[in-house]
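In: Attaching a predicted model along with its sequence, questions to come.
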Amino acid sequence: MQEFKKENSKILLVSFFVFLGILAVFLKIAYIQLISREEYIQKVIERFPKLVLVEIPTYRGSIKDRNGNDLAVSIPTVSIFAFPRYVQNKEDLARRLSAALNLPEQDILKKLSTEKKFVWLARRIKKELLPYIRSVIIDTQNTRAVGIQEDFSRFYPNGHLASNLLGFVGEDGRGLEGLEFLLNPFFDEEKTKVKYLLSPDLGRIALEPVEDTFLSKEVYTTVDLGVQTILEDIRDEIVKTWKPKKVSIIIMDVKKGDILGLTTYPYYNPNDYQKYPPWSRRNYAVTDLFEPGSVMKPFFIGKVLDKGYIKENYGVDCGRGKTEAYGRLIRDVHPYGYLSVDQVLIKSSNVGTVKIAKFLSKKDVEDIMRKVHFYDAFKIIPGEAKPKLPDYSYPANILYSAIGQGLSTNLLNLCVAFGSLATGQIVKPRVVLYSVDNEGKKSYSQVDVLNSHLFSPSVMDWLHRNLIKVVEEGTAKAARSEYFTIAGKTGTSQKFDVKTGKYSREKVVAYFVGYFPATQPRFVAGISVDEPKGIAYGGSAAAPYFKELVERVASYYRLEPDKPKEIIPRFHGKE
């Protein structure tokens, strides 16, 4: 009996080790197939001098504006490859290819003389050159050693138009910046390449199934090409007159959050993105933060009124243009005595705003920042910078923030926040309108209301009327249109000089943010001019161009002028 049990134990032990061995084999096979398949294929191919594994980008779907105009498309091209060791008549081949491809003959010859097993002689060239290239390959007796691979090249038909928003696609077919980068997952980033086995003897063998390349996805953006063109014209005018370091302009649908146009300076041509420095390709409207200055005043004054700390007829002693706040001297451009609350806003008094902001608590200010979405980025465009806020446990930060100092935001966040003064709602901006999959099914991006209550209807009405007066009779008179009512606010933010530890008097950011037509708000827009040359303020370097923006966009959409009525309209937002 003991011998029988002992024999059974041996059988079980041997069976266990056999099972482990079989399991190890299956696991190894699974690992090779699922995880390191490419690595093993590459190792095998490296042993054969006539084999090479290459990846070719597949067709990438188009990006369009909201009206179906192409912003980015993929066009068929060809690339020329060679196995240098087997190439015949290299000088003749290099000379004749150079003539058609506009490439230096020596560069082609250098590639043909390398010790590498495989080289690309030219990438993504026009397909109309295909007959000539084939004849050259045949004439030089290189049908085995030189081949042609069909592929695709990304093309931006409008050149630099909306370039810093669109981004670009790299050599490997993947989006590297902007919307192109954002849309990689939708365009099946993990399937953007087909693996081919190339050999001078075997020719070309696809190692993966190749689908119908033109059954592709499409993305329709919220951008309106007509509006975008207007913004870029205005940007160029600003650059020509003020020679600034940077410019950003945004216009949005105030109720849906659709970004209808976005432009920056510097800009670039994505068809030749390699020729431009990285700083030319940044989307400054979302990547760069600046102190919002006087544009913050409506929010702080509105909060004090909304809480009932003061009434609309409250009088403020503006101290002849000077006051001290926690060791810092606060000044006005013009010396004022007593001003009513509405005049503090219309005349943009720093002293008056700081004295009104003294009524606010830490909780009050944090509530403002939360409602206008200053605690986070919207995360709809790559590179968005999150607004930076100070610690409101310190009362000094409350007062400085009221005049837009000590906190920073980008132009996108500022436009969305200011749009809430038109409607009472914070609507998440969107840049993708809808997408179309391979089967033609449309998936729409939904309007997302992040906050539906800013202030009470009476306070919203008060702000609405007085923001119109800012343009009609206050600091933003240069933005006044003869045809359309505009509600807005200028801002001039001095840049902090790290070397001196003080705010610079020469380096400023001038801007204007507003909405229009004010009788029935439809659009919110912002213009930011960074370091304009000369004596510049928001009222001079941004406001006049906002007027042009309003009138040209309104004309483009064929809006009826609302100015003939000499009545200041009431608030039309939702509560």
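Out: That came through, no problem.

In: and the residue nearest to Asp258 when sequence neighbours are not counted, how far is that from Met252?
Out: Once flanking residues are discounted, Asp258 sits nearest to Thr222: 3.8 Å by CB to CB, 6 or more residues apart in numbering. Where C-beta positions appear, they are placed from N, C-alpha and C, glycine not excepted. Separation of Thr222 from Met252 (CB to CB, to the nearest Å) stands at 8 Å.

In: neighbour count winner among these two?
Out: Higher neighbour count among Thr222 and Met252: Met252, with 27 against 22, using other CB atoms under 10 Å.

In: wouldn't that one be in contact with Asp258 here?
Out: Yes - Met252 is within contact range of Asp258, at 6.3 Å (criterion: CB atoms under 8 Å).

In: what touches both of those two?
Out: Counting by CB atoms under 8 Å, 6 or more residues apart in numbering, the shared contacts of Met252 and Asp258 are Pro429.

In: residues of stretch 234-242 that come out buried?
Out: For stretch 234-242, burial by neighbour count (16 or more other CB atoms under 10 Å) applies to Ile234, Arg235, Ile238, Val239, Thr241, Trp242.

In: what does stretch 487-506 give?
Out: Residues of stretch 487-506 classed as buried by neighbour count (16+ other CB under 10 Å): Ala487, Gly488, Lys489, Thr490, Gly491, Thr492, Ser493, Gln494, Lys495.

In: Using the three-state scheme, assign the spatially most central residue of the chain.
Out: Central residue of the chain (CA atoms, centre = their mean): Ile381, 4.0 Å from the mean position. Secondary structure, DSSP: H, G, I helix; E, B strand; the rest coil: Ile381 is coil.

In: you'd agree Asn438 is in a helix?
Out: No - per three-state DSSP, Asn438 lies outside any helix segment and is coil.

In: so how far is Ser153 from it?
Out: From Asn438 over to Ser153 the distance is 21 Å, taken as CB to CB.

In: go on, Glu177?
Out: Using CB to CB, we find Glu177 at a distance of 17 Å from Ser153.

In: Show me where the stretch 351-500 of the chain has its helices.
Out: 362-371, 395-402, 411-423, 457-473 (DSSP state H, counting those that start in this stretch).

In: Please name whichever of those is nearest to Leu161.
Out: Among these, helix 411-423 comes nearest to Leu161, with 18.9 Å by CB to CB.

In: So which elements touch that closest one?
Out: The contact analysis (3 or more CB pairs under 8 Å, 6 or more residues apart in numbering; DSSP states H and E) places helix 411-423 against strand 246-253, helix 284-287, helix 297-306, strand 426-427, helix 457-473, strand 487-497, strand 502-516, strand 523-530.

In: can you list these in JSON lines and add distance to Val341?
Out: Shown next, in JSON lines, are these (distance: least, CB to CB, whole Å):
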{"stretch": "strand 246-253", "distance to Val341": "29"}
{"stretch": "helix 284-287", "distance to Val341": "32"}
{"stretch": "helix 297-306", "distance to Val341": "7"}
{"stretch": "strand 426-427", "distance to Val341": "24"}
{"stretch": "helix 457-473", "distance to Val341": "9"}
{"stretch": "strand 487-497", "distance to Val341": "15"}
{"stretch": "strand 502-516", "distance to Val341": "20"}
{"stretch": "strand 523-530", "distance to Val341": "24"}
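
In: Most tightly packed of the ones you listed?
Out: strand 523-530 (a mean of 28; mean count of other CB atoms under 10 Å).

In: Show the subsequent helix or strand relative to that one.
Out: helix 538-541 (DSSP states H and E).

In: Please verify my assumption that Gly319 contacts Ser349.
Out: No - counting by CB under 8 Å, Ser349 is not a contact partner of Gly319; they are 9.9 Å apart.

In: Neighbour count for the two, which is higher?
Out: Taking other CB under 10 Å, Gly319 and Ser349 do not tie; Ser349 has more neighbours (28 against 19).

In: Assess the claim that Ile230 and Gly261 are in contact.
Out: Yes - assessed by CB under 8 Å, Ile230 is found in contact with Gly261 at 7.1 Å.

In: With neighbour numbers in mind, choose between these two.
Out: Neighbours per residue, other CB under 10 Å: of Ile230 and Gly261, the larger number sits with Gly261, 28 against 22.

In: in the host helix or strand of the more buried one, what counts as buried?
Out: According to DSSP H and E, Gly261 maps onto strand 259-265. By neighbour count on 16+ other CB under 10 Å, the buried set for strand 259-265 is Ile259, Leu260, Gly261, Leu262, Thr263, Thr264, Tyr265.

In: Which strands or helices does that strand pack on?
Out: helix 163-166, helix 225-242, strand 246-253, helix 284-287.

In: can you list the ones you listed in TSV and add mean pLDDT and distance to Glu324?
Out: Shown next, in TSV, are these (pLDDT from 0 to 100; distance: least, CB to CB, whole Å):
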stretch	mean pLDDT	distance to Glu324
helix 163-166	98	42
helix 225-242	98	34
strand 246-253	98	34
helix 284-287	96	35
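
In: C-alpha coordinates for stretch 64-82, PDB please?
Out: Extracted in PDB, the C-alpha atoms of stretch 64-82 (Å, rounded to 0.1, in the frame of the first residue of the first chain):
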ATOM      1  CA  LYS A  64     -13.400  70.900 -41.400                       C
ATOM      2  CA  ASP A  65     -15.000  74.100 -40.200                       C
ATOM      3  CA  ARG A  66     -18.600  74.300 -39.100                       C
ATOM      4  CA  ASN A  67     -19.700  74.900 -42.800                       C
ATOM      5  CA  GLY A  68     -17.800  71.900 -44.200                       C
ATOM      6  CA  ASN A  69     -14.800  73.900 -45.500                       C
ATOM      7  CA  ASP A  70     -11.600  71.800 -45.300                       C
ATOM      8  CA  LEU A  71      -9.100  72.900 -42.700                       C
ATOM      9  CA  ALA A  72      -6.800  69.800 -42.900                       C
ATOM     10  CA  VAL A  73      -6.900  67.000 -45.400                       C
ATOM     11  CA  SER A  74      -4.700  64.000 -46.400                       C
ATOM     12  CA  ILE A  75      -3.600  63.900 -50.000                       C
ATOM     13  CA  PRO A  76      -2.100  60.800 -51.800                       C
ATOM     14  CA  THR A  77       1.700  61.000 -52.200                       C
ATOM     15  CA  VAL A  78       4.600  58.600 -52.900                       C
ATOM     16  CA  SER A  79       7.900  57.900 -51.200                       C
ATOM     17  CA  ILE A  80      11.000  56.400 -52.800                       C
ATOM     18  CA  PHE A  81      13.100  53.800 -50.900                       C
ATOM     19  CA  ALA A  82      16.200  51.900 -51.800                       C
END
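
In: where along the stretch 1-150 of the chain do the helices fall?
Out: Counting by DSSP H, counting those that start in this stretch, the helices of the stretch 1-150 of the chain are 2-34, 37-46, 90-101, 105-112, 130-139.

In: Okay, now the unreliable bits of the stretch 451-575 of the chain?
Out: Within the stretch 451-575 of the chain, the stretches with pLDDT under 70 are 564-575.

In: if we go to 90?
Out: The model of the stretch 451-575 of the chain has pLDDT under 90 over residues 475, 491-508, 534-539, 563-575.

In: ditto for the stretch 201-350 of the chain
Out: Using pLDDT under 90, the flagged stretches of the stretch 201-350 of the chain are 201-217, 319, 321, 324-328, 332-334.

In: Contact partners for Phe455?
Out: Gly302, Lys303, Leu305, Asp306, Gly424, Leu463.

In: can you give me phi and psi for it?
Out: phi -130, psi 170 (degrees, to the nearest 10).

In: show me the contacts for Lys285.
Out: No Lys there; residue 285 is Ala. Applying CB under 8 Å, 6+ apart to Ala285 gives the contacts Asn164, Ser248, Ile249, Ile250, Leu262, Thr263, Thr264, Asn410, Leu411, Leu412, Ser528.

In: And Val508, by the same measure?
Out: The neighbours of Val508, taking CB under 8 Å, 6+ apart as the test, are Thr492, Ser493, Gln494, Lys495, Glu531, Pro532, Ala536, Tyr537.
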